[in-house]
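In: Below are the sequence and a predicted model for it; my questions follow.
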Amino acid sequence: MKSSETVLKCHKIIGGCGEGEALVSHEPICFYLTDPKTGVVREKGHELAGENLAGKVLVFPSGKASSVVQIDGLFKLASHNVAPKAMIVKDVETVLVVSAFMVKVPLVDRLERDPFEAIQTGDFVKVDAEKGTVTIKRQ
Amino acid sequence: MYLTKEEERILKGECGEGTQKAMELLVAIGDAYDAEKMIPISRAHAASSGQEGDLYFVELLANGGARCKVPTSTNPVYDIEYFDDLFDFIPKDEAEVARRVMEAYKRVGAILSWSCVPYLAENIPLYGETVAFSESSATPYVNSVIGARTNREAAQSALAAGVVGKTPKYGLHINENRKGTHLIKVEAALKDEFDYTLLGYYVGKQIGYGIPVFTGVTRQPSTEELINFCAMSNVSGAISMFYIPGFTIEAKTVKEAFQGDTPVDEITVTDRELKQACEELQTISGKIDFVMLGCPHYTLKQVEEVARLLDGKKIHDGVSFWVCTSATTKMLAERTGYVDIIERAGGHVVVDTCIDEPCWIAYKNKVGMTDSPKCAYYRRFKDVIVSRLQDCIEAAIKGKCE
């Protein structure tokens, strides 16, 4: 089987490097509605319901919900070591920046291609926020 | 983002590790929004919550020697001793988090208001001031009613701004971004505070994110009505600002509120929509175990109203009755005699806390009643009936909601 590798430019918000399997959500994510001990999405009706965020490179449009629950949600995942390894978003807002800052998870936006076209769940993705690159490997 | 030499020095850690961390967060936010530079703020409000994430950040700053540069007030946590005397089941680890949070905010030099409506007494912005206010009712109230300028801050970004004395220039600090987005035609009779609660709930849910501009409001809304509208619209949606031309300060006309542009959408609100919102909230009826008022914290006028309704009455034995307010308001309410009346009826007036705190764990499997949909939203209790204050008082006396 032939594998491909694509490198795309992105815009750094929170620095660092993170890599792992991509998990793509077309719906906004509220970290409070995940199991803090495992990273499994518990939000009823969410397209990722039942999926696990732990160790993934999360691709999603934006965050949602009140600042307190969103920040505490991601913080709890990180304290149980089940936070995503990196996050690629389309629309960033203050609360998401604060959330990622608190747990030191690389956060990038403005991928040079639409992230929902460029990345599929299951791709191996490396986010290097410092260099401003996202590397996508597909089997 | 352009940084001055002084800002660069803070970022390099020359002014201490705590202030450096605060600056790092502000720079990340500035980068996210492509802010051109930082601008000074004159005050901040950190929506402290007594949760673990809150603790991590305030201790990071306090342990690094940071001190607030501008007045920075704090949101409710809870008084551990007060609740320890009443209930004996607050988990020790939760209480320890709360204790450390309160201590760290003191070390960082914040105003220990523990109030979610600091803009009424403890930390009041003026028209045109640049500030950083987190907390759901505070952000829209400060932008719209007072006409100061703040973004929809998180507790941490507001605290960081308070420590550095600056915020990145983005979002609602820029004139064009204060433009109205949705036209809301009110055809409902907005009679009281609860109608404004329902209006906020409905409008927030309908538009999600945006700046609504209202027409059809026929009289000056009261402080309490505006607080309720702000709190609910920023919980069911993310409304950081709104206009009621003629009554709010920043735009005199609808045209001015939209900065000459056309609305992206128009919504009409009639009595039917408000009734529908009300029905969505009143899920059950029957026996209740507690009544929880003061979300957001009750003003003196609201505490007075509770006292008036309870004067000479007796709350049912099976019902615990709570009014949450700020320490400032309770002091005045005590002095004025309202607290006495409420306590004689069997109720409590409690300060420094909020319905979304672990101190209420005793009611986890109980059914409560409140006048605040926000109280129901947090889901700390088995069930919560949301209704007008008069209905809550009536149910408290009878022991059930009919």
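Out: Thanks, I have it.
In: Report the contact partners of B:T353.
Out: B:P76, B:V77, B:Y78, B:D79, B:F83, B:W114, B:C324, B:C359 (C-beta atoms under 8 Å, 6 or more residues apart in numbering or on different chains). For the C-beta atoms, the positions are set from N, CA and C on the backbone; glycine is no exception.
In: For it, name its beta-bridge partners.
Out: For B:T353, the beta-bridge partners are B:V77 (DSSP bridges).
In: all helices of the stretch 151-300 of chain B, in order?
Out: B:155-164, B:193-207, B:223-236, B:254-257, B:271-281, B:300-310 (DSSP state H, counting those that start in this stretch).
In: what's the angle between the helix or strand bottoming out on mean pLDDT in chain A and helix B:155-164?
Out: Across the helices and strands of chain A, mean pLDDT, DSSP states H and E gives its lowest value to helix A:67-79, namely a mean of 91. Helix A:67-79 runs at 100 degrees relative to helix B:155-164, counting by axes from the mean of the first three to the mean of the last three C-alpha atoms, to 10 degrees.
In: What is the subsequent helix or strand relative to helix A:67-79?
Out: strand A:86-89 (DSSP states H and E).
In: Parallel or antiparallel, which strands does that following strand pair with?
Out: By DSSP bridges, strand A:86-89 pairs with strand A:57-60 (parallel), strand A:107-109 (parallel).
In: The biggest strand by length in chain B and chain A, are they touching?
Out: For chain B, the strand with the greatest residue count under DSSP state E is strand B:290-298. No: applying C-beta under 8 Å from any C-beta of the partner chain, one finds strand B:290-298 out of contact with chain A, separated by at least 13.2 Å.
In: other SSEs contacting that strand?
Out: helix B:223-236, helix B:300-310, strand B:320-325, strand B:367-370, helix B:373-377, helix B:389-398 (3 or more C-beta pairs under 8 Å, 6 or more residues apart in numbering or on different chains; DSSP states H and E).
In: Turn these into JSON lines, including mean neighbour count, mean pLDDT and distance to chain A.
Out: Formatted as JSON lines, these follow (neighbours: other C-beta atoms under 10 Å in any protein chain shown; pLDDT from 0 to 100; distance: least, C-beta to the nearest C-beta, whole Å):
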{"stretch": "helix B:223-236", "mean neighbour count": "25", "mean pLDDT": "94", "distance to chain A": "7"}
{"stretch": "helix B:300-310", "mean neighbour count": "20", "mean pLDDT": "98", "distance to chain A": "23"}
{"stretch": "strand B:320-325", "mean neighbour count": "25", "mean pLDDT": "97", "distance to chain A": "17"}
{"stretch": "strand B:367-370", "mean neighbour count": "25", "mean pLDDT": "94", "distance to chain A": "18"}
{"stretch": "helix B:373-377", "mean neighbour count": "23", "mean pLDDT": "79", "distance to chain A": "9"}
{"stretch": "helix B:389-398", "mean neighbour count": "20", "mean pLDDT": "97", "distance to chain A": "24"}
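In: Kindly state which of the ones you listed is positioned closest to B:A62.
Out: strand B:320-325 (26.4 Å; C-beta to C-beta).
In: Run a quick neighbour tally on B:V384.
Out: Residues contacting B:V384 under the criterion other C-beta atoms under 10 Å in any protein chain shown number 26.
In: if I've got this straight, it is in a strand?
Out: Yes: assessed with DSSP: H, G, I helix; E, B strand; the rest coil, B:V384 lies in a strand.
In: Distance of it relative to B:G368?
Out: Distance, B:V384 to B:G368, by C-beta to C-beta, to the nearest Å: 5 Å.
In: and for the two, which residues touch both?
Out: By C-beta under 8 Å, 6+ apart, the residues touching both B:V384 and B:G368 are B:M292, B:C375.
In: still on that earlier bit, turn the helices of the stretch 151-300 of chain B into CSV, including distance to B:A345.
Out: Output for these, formatted as CSV (distance: least, C-beta to C-beta, whole Å):
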stretch, distance to B:A345
helix B:155-164, 35
helix B:193-207, 21
helix B:223-236, 21
helix B:254-257, 44
helix B:271-281, 26
helix B:300-310, 4
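In: Compute the first-to-last residue distance for stretch A:116-123.
Out: 12 Å (C-alpha to C-alpha, to the nearest Å).
In: quick check, distance from that stretch to the centre of its chain.
Out: 12 Å (C-alpha atoms, centre = their mean, to the nearest Å).
In: now B:E225: how far from B:A121?
Out: 18 Å.
In: do the same with A:L74
Out: 33 Å.
In: again, but for B:S240
Out: The value you get for B:S240 to B:A121, if C-beta to C-beta is used, is 22 Å.
In: Near the closest residue to chain A within the stretch 151-300 of chain B, how many other residues are there?
Out: Nearest to chain A in the stretch 151-300 of chain B, going by C-beta to the nearest C-beta, is B:A154, at a distance of 3.8 Å. Applying other C-beta under 10 Å, we find 33 residues neighbouring B:A154.
In: Run through the chain and note the low-pLDDT ranges.
Out: Reading this off chain A. Low-confidence segments of chain A, defined by pLDDT under 70: A:1.
In: my bad, the chain I had in mind was chain B
Out: In chain B, residues with pLDDT under 70: B:88, B:378-379.
In: Show me what from it comes close to chain A.
Out: So chain B meets chain A at B:24-25, B:28-29, B:31-33, B:47, B:49, B:51-54, B:56-57, B:134, B:136, B:151-157, B:171, B:235, B:356 (C-beta under 8 Å from any C-beta).
In: now the helices for chain A?
Out: A:67-79, A:94-103, A:115-118 (DSSP state H).
In: and the shortest one, which residues are buried?
Out: To tie it back to what came earlier, the one meant is helix A:115-118. Neighbour counts over helix A:115-118 (16 or more other C-beta atoms under 10 Å in any protein chain shown) mark A:P115, A:F116, A:A118 as buried.
In: what about the closest residue to chain A within the stretch 251-400 of chain B, which SS state?
Out: As assessed by C-beta to the nearest C-beta, chain A sits closest to B:D356 within the stretch 251-400 of chain B, at 7.8 Å. Secondary structure, three-state DSSP: B:D356 is coil.
In: That one contacts B:A47, correct?
Out: No: counting by C-beta atoms under 8 Å, B:D356 stays clear of B:A47, with 10.8 Å between them.
In: what residues are shared contacts of those two?
Out: In contact with both B:D356 and B:A47: A:V68, using C-beta under 8 Å, 6+ apart.
In: More neighbours: these two, which one.
Out: Each of B:D356 and B:A47 has its neighbours counted (other C-beta under 10 Å); B:A47 has more, 25 against 21.
In: Kindly report the residues of chain A close to chain B.
Out: So far as C-beta under 8 Å from any C-beta goes, chain A lies against chain B at A:11-14, A:66-68, A:71-72, A:74-76, A:79, A:92-95, A:97-98, A:101-102, A:109.
In: Mind listing what's buried along the lengthiest strand in chain A?
Out: Selection of the longest strand in chain A by residue count, based on DSSP E, yields strand A:17-24. The neighbour-count check on strand A:17-24 (16+ other C-beta under 10 Å) flags A:G18, A:E19, A:G20, A:A22, A:L23, A:V24 as buried.
In: Great, nothing more from me.
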